[in-house]
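Enquirer: please work out how this folds:
(one chain, ligands or ions: 2)
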Amino acid sequence: MFTHRKKPLFPVKVGEVDPKFAQKLLEQFGGRSGEFTAMTEYFVQSFACSHKGIRDMLLDIATEELCHLEMVGLMVEQLLRGAEREAAYEDTLFSMMGQGPQFADSMGNAWTSDWIRSSGDLVADLRHNISAEAGAKMAYDRLIHMTDDPGCKETLTYLMTREISHQRMFTSALQSLDQKMEGTLEPKTDLHTYYNLSRDGGNGDGIGSDERGPWNADGEWLFVDRPEDKLSAKVEGPKP
Ligand code: MN
Ligand code: MN
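Expert: Ligands and ions are numbered 1, 2, ... in the order given. Predicted coordinates:
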């Protein structure tokens, strides 16, 4: 069951009308990393989630995302309300589609459920959600740099902060699971092998150097310097 209260989760007070910024903000209404994507994604994931606690968390966050969607919609409305007809109509998207929020991104691309991931595997979904929240954080971060309106900045900073909170919640949920690997089968071979398949030019004339780091450090990883020799020897079949 859902009910609605006629009060946004956090105040939305836009100072100046700004149709161009309203179009940019649509990214968070009907875009890939927007609030509608987040809300529908966590909602649909909850049905396939047999972990009672994480299912509850998915529903709590999905409902919060719906509150965020309402806030972004109100911001778009306020950014357009009272705009000079000419000023609003300078903006292609609103002049063609009407002066309210649309389920489209900032470029006018229609929202699609293809952007939603619900794999039926909790580990895979949680990893995806962490990445999705990073995308949402980044989008708000960029939007905050695109406006000088203090009211817009305040609301967007609140939303950005909540996306960081969600990212941490999903990370904690993932860490709490005993099973850290998606799917059901355990890996068999080459799990800790690093293939150095992108090498430097050899004479210092390449476009980059071979870098070492925690992702291929000795001790944890078997660093194979010329893997093509090893791999081609491995797959060599009977001679014709
Ligand atoms: Mn959100
Ligand atoms: Mn979120």
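Enquirer: biggest helix in the protein, by residue count?
Expert: Criterion DSSP state H: the longest helix present in the chain is helix 52-80.
Enquirer: now the residue in the chain positioned nearest to ligand 2: how far from residue 41?
Expert: Nearest residue of the chain to ligand 2, counting by CB to the ion: residue 166, 3.7 Å away. C-betas here are computed from N, CA, C, even on glycine. According to CB to CB, to the nearest Å, residue 166 and residue 41 sit 11 Å apart.
Enquirer: pull up the overlap in contacts between these two.
Expert: residue 129 (CB atoms under 8 Å, 6 or more residues apart in numbering).
Enquirer: which bits of this protein sit near ligand 2?
Expert: 38, 163, 166 (CB under 5 Å from the ion).
Enquirer: thinking again about what came up before, in the longest helix of the chain, what counts as buried?
Expert: For helix 52-80, the buried set under the neighbour-count rule, 16 or more other CB atoms under 10 Å, comprises 54-55, 57-59, 61-62, 64-76, 78-80.
Enquirer: mind giving me the packing neighbours of that helix?
Expert: Using 3 or more CB pairs under 8 Å, 6 or more residues apart in numbering; DSSP states H and E, the elements in contact with helix 52-80 are helix 19-25, helix 27-30, helix 35-47, helix 150-176.
Enquirer: so for the second one, what's the average pLDDT?
Expert: For helix 27-30, the mean per-residue pLDDT is 97.
Enquirer: ok so, going back, among the helices and strands packed on helix 52-80, which is nearest residue 120?
Expert: helix 35-47 (8.9 Å; CB to CB).
Enquirer: any idea of the angle the closest one forms with helix 150-176?
Expert: 20 degrees (axes from the mean of the first three to the mean of the last three CA atoms, to 10 degrees).
Enquirer: buried set for helix 35-47?
Expert: 35, 36, 37, 38, 39, 40, 41, 42, 43, 44, 45, 46.
Enquirer: low-scoring pLDDT stretches of this protein, where are they?
Expert: 82-90, 201-206, 231-240 (pLDDT under 70).
Enquirer: domain-wise, how is it divided?
Expert: 19-175, 193-236 (automatic domain parsing).
Enquirer: with distance to residue 181 added, can I get the ones you listed in TSV?
Expert: As requested, the domains of the chain are exported to TSV (distance: least, CB to CB, whole Å):
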stretch	distance to residue 181
domain 19-175	7
domain 193-236	17
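Enquirer: tell me which of the ones you listed is the most buried.
Expert: Neighbour counts (mean count of other CB atoms under 10 Å) averaged over each of the domains of the chain peak at domain 19-175, with a mean of 18.
Enquirer: work out for me the element the nearest residue to residue 119 once chain neighbours are set aside sits within.
Expert: Once flanking residues are discounted, residue 119 sits nearest to residue 125: 5.6 Å by CB to CB, 6 or more residues apart in numbering. Residue 125 is located in helix 122-145, with elements delineated by DSSP states H and E.
Enquirer: packing partners of that helix?
Expert: Short answer (3+ CB pairs under 8 Å, 6+ apart): helix 122-145 packs on helix 27-30, helix 35-47, helix 150-176.
Enquirer: let's see 6 Å
Expert: Applying 3 or more CB pairs under 6 Å, 6 or more residues apart in numbering; DSSP states H and E, one finds that helix 122-145 contacts helix 150-176.
Enquirer: what's next to the helix or strand just after the helix it packs on, contact-wise?
Expert: Next in sequence after helix 150-176, counting helices and strands by DSSP H and E, comes strand 193-195. With contact meaning CB atoms under 6 Å, 6 or more residues apart in numbering, strand 193-195 is reached by 216, 221, 222, 223, 224, 227.
Enquirer: check contacts around residue 31.
Expert: Contacts of residue 31 were listed using CB under 6 Å, 6+ apart, and they are residue 105.
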